[in-house]
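Peer 1: Could you look at this predicted model? Sequence included:
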Amino acid sequence: MSKQENTAITTKMKIWTVLCILLVCATAFVVRGVLVYKIFPLDYEESIIKYSEEYEIDKYLVCAVIFAESGFDDTARSSAGAVGVMQIIPGTGEWAAEKIGIESYNEQMLLDPDINIRIGCWYLSYLGAKFENDSEKFLAAYNAGPSKVEEWIDSDGTLREIPYEETENYVLRIKRYYNIYKGLYNDL
């Protein structure tokens, strides 16, 4: 084999190697993208958009709360008795349903994602107004309850620390999930 033929074969091999690497990278990118959307799903999009707009809550925040609370599992139940995609405590659900005019409310309705999201969005809006739209305060209140958060607020209105590790981690997770959902579904 001549030197020229050897150079041509080497060049072809380099081109094929580069093409194979590009193909592997492109495949990995697509698979990674598909996996990311599987890991961070967006179910109940219509209800999320409808009620986030109605109650003036950021839709990506609603997605983050749903993901943190239930992973979009409409049958989720917590050990504390919270129910559905937004993990509404039955007593809070009953109180909220009365406030927003849901007729013939019963606890079983919390398993309906549309009703659960409606109540959850209203409750986030309520907490936002109560805590002057300070996301750290109202997200902590969604997790630990508003009366606990009121105890944690200094006389100057500042929430200096969240003494419950679970609640502190919850607020951090919601913020992280918010950024993920906003990045993945920025056309929502």
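Peer 2: Nice, thanks for sending it over. A quick note: this is a predicted structure, and the numbers were derived from the prediction, not measured. Numbers count the residues shown, from 1 in each chain.

Peer 1: what's the next secondary structure element after the worst-scoring helix or strand of the chain on mean pLDDT?
Peer 2: Confidence across the helices and strands of the chain bottoms out at helix 3-39, with a mean of 54, counting by mean pLDDT, DSSP states H and E. For helix 3-39, the succeeding helix or strand toward the C-terminus, using DSSP states H and E, is helix 45-54.

Peer 1: what is the mean pLDDT for that next one?
Peer 2: Per-residue confidence for helix 45-54 averages out to 98 on the pLDDT scale.

Peer 1: Just the C-alphas of that helix, formatted as CSV.
Peer 2: Coordinates of each C-alpha in helix 45-54 appear next as CSV, following Å, rounded to 0.1, in the frame of the first residue of the first chain:
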residue,chain,number,x,y,z
GLU,A,45,-51.0,21.6,32.4
GLU,A,46,-54.4,23.0,31.7
SER,A,47,-55.4,23.2,35.4
ILE,A,48,-52.0,24.6,36.3
ILE,A,49,-52.3,27.4,33.8
LYS,A,50,-56.0,28.1,34.5
TYR,A,51,-55.7,28.4,38.3
SER,A,52,-52.3,30.0,38.4
GLU,A,53,-53.7,32.8,36.3
GLU,A,54,-57.0,33.0,38.2
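
Peer 1: so what does it touch, helix or strand wise?
Peer 2: Packing partners of helix 45-54 (3 or more Cβ pairs under 8 Å, 6 or more residues apart in numbering; DSSP states H and E): helix 59-70, helix 113-130. Glycine gets a C-beta too; all of them are placed from N, C-alpha and C.

Peer 1: out of the ones you listed, nearest to residue 185?
Peer 2: Distances from residue 185 to each of the helices and strands packed on helix 45-54 were compared using Cβ to Cβ; the shortest belongs to helix 59-70, at 7.1 Å.

Peer 1: thinking again about what came up before, now render the helices and strands packed on helix 45-54 as JSON lines, adding distance to residue 86 and mean neighbour count.
Peer 2: Compiled in JSON lines, these are given as follows (distance: least, Cβ to Cβ, whole Å; neighbours: other Cβ atoms under 10 Å):
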{"stretch": "helix 59-70", "distance to residue 86": "6", "mean neighbour count": "24"}
{"stretch": "helix 113-130", "distance to residue 86": "3", "mean neighbour count": "22"}
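
Peer 1: Identify whichever of the ones you listed lies nearest to residue 178.
Peer 2: Closest among the helices and strands packed on helix 45-54, once you apply Cβ to Cβ, is helix 59-70, at 4.2 Å.

Peer 1: Outside of that closest one itself, list whatever touches it.
Peer 2: Counting by Cβ atoms under 8 Å, 6 or more residues apart in numbering, helix 59-70 makes contact with 40-42, 44, 48-49, 51-53, 72, 76, 82, 84-87, 117, 120-121, 124, 135, 139, 142, 170, 173-175, 177-178, 180-182, 185, 188, all of which sit outside it.
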